[in-house]
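Peer 1: Please work out how this folds:
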Amino acid sequence: MQNRSLRQNTMPGLFAAGLAILVLGACSPSSSQSQDEHAAGAAAPAPAATVAAPAPASTAGTDADADADDAVIEKVSAVIRKHKLTSLSDECLDYMVDDSDGATIDIDVHEKHDAKCGGDPNTSPRLFSFKLDRASGQLTTDALDLADGDFQPIQ
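Peer 2: Numbers count the residues shown, from 1 in each chain. This is a model prediction of the structure:
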């Protein structure tokens, strides 16, 4: 009987100790990072840059990165017009350029919603995306296969 009484008195204490360990472990700084962040060395990805419709060459900025983004956007814009991927005019498209990956440049094409283009200004739906391979210059897009999201070459 004494043994049973001892178990009853220590079980709540053990439960409380276990709960305290779980709470402290959940609050530690190392557990707030995901496993993906640990695997990537806790480096945060660079945010994508939002870039407006392509500007004419005469008004291009002097910054090398802005010029490179403008050139990529101009190339994507020409492909969109050539293949009639959307009926929206260039001024009603927004381009989000992410060139943080060393191998490719990712370009998301969104609808621009404002007084001129219409639509809800609080939204900017993605229409399709492009990837530009830096080494080969090959442009691929998911616009040709939106159902599956597969990227296919396009020129």
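
Peer 1: Can you give me the buried ones in the helix or strand hosting Val79?
Peer 2: Using DSSP states H and E, Val79 falls within helix 64-83. Neighbour-count burial for helix 64-83, counted by 16 or more other CB atoms under 10 Å, picks out 69-70, 72-77, 79-80. Every residue, glycine included, has its C-beta placed from N, CA and C.

Peer 1: what's the closest of these to Asp106?
Peer 2: Checking the buried residues of helix 64-83 against Asp106 by CB to CB gives Val72 as the nearest, at 9.9 Å.

Peer 1: Looks like that closest one contacts Asp98 (just checking).
Peer 2: No: at 10.7 Å, Val72 does not count as touching Asp98 under the criterion of CB atoms under 8 Å.

Peer 1: show me where this structure has helices.
Peer 2: Applying DSSP state H to the chain gives helices spanning 2-27, 35-39, 64-83.

Peer 1: hmm, back to that, any common contacting residues for Val72 and Asp98?
Peer 2: Jointly contacting Val72 and Asp98 under the rule CB atoms under 8 Å, 6 or more residues apart in numbering are 105, 107.

Peer 1: re earlier: what's the helix holding Val79 packed up against?
Peer 2: For helix 64-83, the helices and strands in contact under the criterion 3 or more CB pairs under 8 Å, 6 or more residues apart in numbering; DSSP states H and E are strand 49-51, strand 93-98, strand 104-111, strand 126-133, strand 139-141.

Peer 1: In TSV, list those strands along with distance to Asp150, mean neighbour count and mean pLDDT.
Peer 2: Output for the helices and strands packed on helix 64-83, formatted as TSV (distance: least, CB to CB, whole Å; neighbours: other CB atoms under 10 Å; pLDDT from 0 to 100):
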stretch	distance to Asp150	mean neighbour count	mean pLDDT
strand 49-51	25	14	39
strand 93-98	19	20	95
strand 104-111	15	19	96
strand 126-133	11	18	95
strand 139-141	9	20	96
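
Peer 1: Using JSON lines, please lay out the ones you listed together with distance to Gly149.
Peer 2: Output for the helices and strands packed on helix 64-83, formatted as JSON lines (distance: least, CB to CB, whole Å):
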{"stretch": "strand 49-51", "distance to Gly149": "22"}
{"stretch": "strand 93-98", "distance to Gly149": "17"}
{"stretch": "strand 104-111", "distance to Gly149": "13"}
{"stretch": "strand 126-133", "distance to Gly149": "9"}
{"stretch": "strand 139-141", "distance to Gly149": "11"}
